[in-house]
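Trainee: make a model of this:
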Amino acid sequence: MTTAHERAAQLRAELAEHAHRYYVLDDPTVSDADYDRLYRELEAIEAEHPELVTPDSPTQRVGAAPSGAFDPVTHRQPMQSLGNAFSADEVREFDARVRKAAADPEAPVAYAVEPKMDGLAVSLTYEAGVLTRAATRGDGATGEDVTANIRTVRSVPLRLRGDDLPALIEVRGEVFLPLDGFAAMNAAQAEQGNKPYVNPRNAAAGSLRQLDPNITAQRPLAVFCYALGAVEGYDLPATHDALLAQLADWGLPVSQHNSIAESIDACLEHYTQLLDSRGALPFEIDGVVYKVNDLALREELGSVARAPRWAVAHKFPAEEATTTIENIEFQVGRTGALTPVARLKPVFVGGVTVSNATLHNMDEIARKDVRVGDTVVIRRAGDVIPEVARVVADKRPDDTRLVELPKACPVCGSDVQRTEDEAVARCTGGLVCLAQREAALRHFVSRGAMDIEGFGAKLVTALIEADLLHSPADIYSLTADQLAGLERMGEKSAANLVAAIESSKQTTFARFIFALGIREVGEVTGRSLAAHFGTLDALLEADQEALEQVPDVGPVVAAHMQGFLAEQHNRDVIQALVDAGVNWPAPKAGGGGALQGKTLVITGTLDGVSRDEARAEIEAAGGRVTSSVSKKTDYLLAGEAAGSKLAKAEKLGVEVLDLAALRALIAA
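Mentor: Residues are numbered from 1 along each chain as shown. Coordinates of the predicted model:
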């Protein structure tokens with residue numbers, strides 16, 4: 001006789017198979033009535049035997065209690081964004097960079113070609129095959145926990161299919177709304193007298209971020225999976241298409257519109273085909289993604305800042321609409337750049353209602369002859385900021401008004417200067433200018449920079465408004481009493497923040513350079529500058545020619561660096577930070593450090609330090625950290641639960657270190 005336990009397990013397996021065939025394969029083998037009968041039988045068994053309910057049961061997809069907020073989730077591996085290409089020439093330039101790193105630069109490279117979904121990026125974590133966590137992309141390092149909501153998306157398996165499953169795997173994908181589902185949602189909104197949703201992407205994002213999962217369950221969301229993050233206990237295949245095939249075998253939804261192009265010319269042919277068939281697709285896309293198919297070559301290419309060098313998004317042509325300019329104002333950015341912004345009569349274009357559009361700079365205004373009162377064509381492509389494409393000259397009224405560059409900053413009143421060799425005009429107020437100061441301070445305390453825990457954007461604003469923060473150096477003179485006097489800042493929070501500020505004084509030279517907020521000097525360039533010059537004095541003494549000798553630093557970035565360091569008030573702030581105790585490890589004697597020229601991979605849970613802290617130690621010693629083990633890996637730094645990377649390192653003969661061995665190597 002079949003027990004309740006056995007029958008429940010049998011029903012879960014049957015229902016999972018039927019759901020996979022219906023939602024993923026679009027090939028159902030039972031009627032809705034038969035599925036409902038099996039589902040009700042399982043519900044009845046679980047109601048009578050609550051101890052038999054499992055996390056992967058189909059009955060657990062809905063019914064979670066509403067949440068008051070979304071908890072933060074740190075991705076085991078960052079969720080990177082993609083660089084964009086807007087023309088065939090830019091795509092060919094991308095291919096040329098890729099082939100330069102390949103074994104045979106003259107041979108064509110094979111690419112995986114995928115439609116660029118217009119949705120919301122998510123990461124799905126499976127442990128021993130069971131879905132345990134789902135998170136949004138967030139800032140790439142930290143997202144929001146949307147596990148309860150993702151469980152309601154029928155195409156997402158609660159348990160992976162098969163037996164040979166990873167111990168842990170982060171699956172990256174895109175949540176979206178099929179067009180028929182979006183139309184049905186708006187029809188329901190209209191019937192209820194509610195405002196319709198603007199576009200499928202916004203509707204999908206809003207649906208996934210509902211605090212009540214029961215509401216999400218009513219939305220016809222879907223998912224396509226296209227990449228992996230962290231993997232433990234599993235050897236990856238050699239190519240991206242084989243990886244996607246494996247995801248499909250595990251029951252994860254993968255787009256049927258993916259393909260392989262054996263050359264960049266073939267990529268462009270696929271692009272044309274998808275562009276032509278775009279209107280017939282059951283979902284919205286805003287371009288095509290090209291990814292190097294060979295995973296080993298990807299590892300060689302690596303990443304820059306937050307984007308991989310081995311992939312690019314080829315965006316579709318922009319959508320356009322016509323409206324009128326009601327005014328032109330100037331915004332001041334973090335670097336003091338004044339950007340003219342057209343205030344428009346609202347117009348629907350590219351899936352959203354647009355009321356502002358950038359005019360870039362005064363040269364663009366002159367070239368296009370844009371005036372207040374003009375009828376203009378607005379262009380918008382994907383997530384790119386809307387811009388004024390051109391003036392409709394034959395609709396120009398007699399009372400249009402010419403635009404002039406302000407002589408004074410609209411924020412602080414400081415002089416506005418524009419050099420002959422730059423199109424951009426800038427406020428000279430520096431840290432005196434509220435617009436620049438606030439953005440610069442937010443950048444200074446951010447995760448990739450000085451990483452002061454608890455020092456968020458709202459606190460920066462509050463401290464500026466309280467006249468307690470004028471430059472980054474002021475951060476290190478803040479007291480607990482000053483902080484406790486702020487709204488929503490208690491004594492314990494103030495004490496914790498003072499401790500975090502004190503802790504941030506111990507940093508790395510690379511982080512310090514990045515924290516200064518110099519134009520076009522990102523994290524990667526900061527590391528290159530730190531490795532090349534070694535000391536602050538050497539960097540401060542560098543001229544244009546010396547700066548251009550640094551990898552990742554060309555003439556433009558060198559000019560920005562030299563211009564920044566030539567300003568005495570910037571040097572005063574740097575000196576004040578050093579005087580306040582901000583410091584970093586000195587470079588090893590003999591130059592470069594003990595790990596100069598060595599490539600390391602970090603895996604597992606390290607004893608007493610985070611991976612970011614371990615990476616900082618490695619880079620301070622001249623080493624380079626990559627994400628995957630290959631023949632070119634010199635060392636694997638392994639902690640507890642090291643997983644597949646440890647197995648691969650042992651197979652390739654890569655030397656494995658624990659934290660103590662790494663530090664002994666650096667010290668030696």
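Trainee: what helix or strand is K291 located in?
Mentor: If you go by DSSP states H and E, K291 is part of strand 285-292.
Trainee: name the next helix or strand downstream of that strand, please.
Mentor: Counting by DSSP H and E, what follows strand 285-292 is helix 295-301.
Trainee: so which bits of that following helix are buried?
Mentor: For helix 295-301, burial by neighbour count (16 or more other CB atoms under 10 Å) applies to 295, 297-301. Every C-beta, even on glycine, is put in place using the N, C-alpha and C of the backbone.
Trainee: which helix or strand lies directly C-terminal to that helix?
Mentor: Using DSSP H and E, the helix or strand that directly follows helix 295-301 along the chain is strand 303-304.
Trainee: check contacts around P157.
Mentor: Listed by CB atoms under 8 Å, 6 or more residues apart in numbering, the contact set of P157 reads 16, 19-20, 131, 250-252.
Trainee: oh, that last question was meant for G138, not what I typed.
Mentor: Listed by CB under 8 Å, 6+ apart, the contact partners of G138 are 72-73, 79, 144.
Trainee: go again with 10 Å.
Mentor: Applying CB atoms under 10 Å, 6 or more residues apart in numbering to G138 gives the contacts 70, 72-75, 79, 121, 123, 144.
Trainee: just checking, it is part of a strand?
Mentor: No: read with DSSP: H, G, I helix; E, B strand; the rest coil, G138 is coil and lies in no strand.
Trainee: give me the pLDDT for it.
Mentor: pLDDT, G138: 84.
Trainee: again with the one 4 residues further on
Mentor: Model confidence at T142, given as pLDDT, is 86.
Trainee: pretty sure it sits against S123.
Mentor: No: the pair T142 / S123 is not scored as a contact, 11.1 Å apart, by CB atoms under 10 Å.
Trainee: ok, those two, which is more surrounded?
Mentor: S123 (26 against 16; other CB atoms under 10 Å).
Trainee: hmm, R278 is touching F316, no?
Mentor: Yes: using CB under 10 Å, R278 is in contact with F316, at 7.1 Å.
Trainee: any shared contact partners between those two?
Mentor: With CB under 10 Å, 6+ apart as the test, R278 and F316 both reach 285-287.
Trainee: minimum pLDDT in those, which residue is that?
Mentor: When the shared contacts of R278 and F316 are compared, D286 shows the smallest pLDDT, 86.
Trainee: now for it, how many residues are close by?
Mentor: Using other CB under 10 Å, D286 is surrounded by 21 other residues.
Trainee: wait, it touches R278, no?
Mentor: Yes: D286 is within contact range of R278, at 9.2 Å (criterion: CB under 10 Å).
Trainee: quick check: neighbours shared by those two?
Mentor: Common neighbours of D286 and R278, using CB under 10 Å, 6+ apart, are 115, 316.
Trainee: geometric centre of this structure: which residue is closest?
Mentor: G140 (3.7 Å; CA atoms, centre = their mean).
Trainee: show me what contacts that residue?
Mentor: By CB under 10 Å, 6+ apart, G140 lies in contact with 75, 78-81, 121, 306-307, 447-448.
Trainee: against G448, how distant is it?
Mentor: 10 Å (CB to CB, to the nearest Å).
Trainee: V153 now?
Mentor: V153 is 32 Å from G448, by CB to CB.
Trainee: the two: who's more crowded?
Mentor: Neighbours were counted for V153 and for G448 using other CB under 10 Å; V153 has more, 24 against 19.
Trainee: find the helix or strand that that one is a member of.
Mentor: Using DSSP H and E, no helix or strand contains V153.
Trainee: now it: how far from L38?
Mentor: Distance, V153 to L38, using CB to CB: 20 Å.
Trainee: other SSEs contacting the helix or strand containing V354?
Mentor: Under the criterion of DSSP H and E, V354 resides in strand 352-358. For strand 352-358, the helices and strands in contact under the criterion 3 or more CB pairs under 10 Å, 6 or more residues apart in numbering; DSSP states H and E are strand 319-332, strand 337-349, strand 375-380, strand 387-391.
Trainee: beyond it, next helix or strand please.
Mentor: Downstream of strand 352-358, the first helix or strand assigned by DSSP H and E is helix 362-368.
Trainee: buried stuff in that following helix?
Mentor: 362, 365, 368.
Trainee: can you lay out these as CSV showing pLDDT?
Mentor: Shown next, in CSV, are the buried residues of helix 362-368 (pLDDT from 0 to 100):
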residue, pLDDT
M362, 91
I365, 93
K368, 93
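Trainee: neighbours of R447, how many?
Mentor: Neighbour count of R447, defined by other CB under 10 Å: 13.
Trainee: the residue nearest to it when sequence neighbours are not counted: how many residues sit nearby?
Mentor: Spatially, and ignoring its direct neighbours in sequence, R447 is nearest to A141 (6.2 Å; CB to CB, 6 or more residues apart in numbering). Neighbour count for A141, taken as other CB under 10 Å: 16.
Trainee: and for the one 5 residues further on?
Mentor: Other residues lying near V146 total 26 when counted by other CB under 10 Å.
Trainee: does it touch V73 like I think?
Mentor: Yes: assessed by CB under 10 Å, V146 is found in contact with V73 at 8.8 Å.
Trainee: now list whatever residues contact both of the two.
Mentor: What both V146 and V73 touch, as defined by CB under 10 Å, 6+ apart, is the set 123, 133-136.
Trainee: having no further points to raise, I will conclude here.
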